[in-house]
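>>> sequence and predicted model, in that order:
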Amino acid sequence: MPKLKTKSGVKKRFKLTATGLLKHGVAGKRHRLLHHNGKYIRQNRGTKVLAKADTAAVKAWAPYGLG
C-alpha cells in the first residue's frame, strides 16, 4: 500500500494537544474588526479546541498525526 498524504491545509491550521484534541485558530479576526465589538475580539483571542464532531474528519485528513 502506498503512503497516505496529509492535506496541506490541515498541517498548517491545526495542532494536536497532549490528550489528542485539536487546537485551531479562531475565524473572523483578520480584517474589518470595527464591525465586531470588544467582547467578540477578546473572547476569540488565541486558539480554541476543535469541536468533537469535527475532530474525526480533520484527523482523517492527517492519517499519521500532526507532528
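Good, I have the coordinates.
>>> who's in contact with residue 24?
13-14, 47-50 (C-beta atoms under 8 Å, 6 or more residues apart in numbering). Where you see a C-beta, it was placed from the backbone N, CA and C, and this is true even at glycine.
>>> pretty sure it belongs to a helix, no?
No - according to DSSP: H, G, I helix; E, B strand; the rest coil, the state of residue 24 is strand, so it is not within a helix.
>>> tell me which entries of the contacts of residue 24 lie within helices.
Among these, DSSP state H puts residue 13 in helices.
>>> so where's the longest helix in this protein?
Counting by DSSP H, the longest helix found in the chain is helix 52-61.
>>> show me what counts as buried in that helix.
58-59, 61 (16 or more other C-beta atoms under 10 Å).
>>> with stretch 23-31 instead?
residue 24.
>>> pretty sure residue 29 contacts residue 43?
No - with contact defined as C-beta atoms under 8 Å, residue 29 does not count as touching residue 43 (10.8 Å).
>>> run a quick neighbour tally on residue 66.
Close neighbours of residue 66, defined as other C-beta atoms under 10 Å, add up to 16.
>>> what about it, which SS state?
When the rule is three-state DSSP, residue 66 gets the label coil.
>>> and the gap between the closest residue to residue 29 other than its chain neighbours and residue 13?
Distances taken as C-beta to C-beta, 6 or more residues apart in numbering put residue 44 closest to residue 29, at 5.9 Å, once the chain neighbours are dropped. Distance of residue 44 to residue 13, given as C-beta to C-beta, to the nearest Å: 15 Å.
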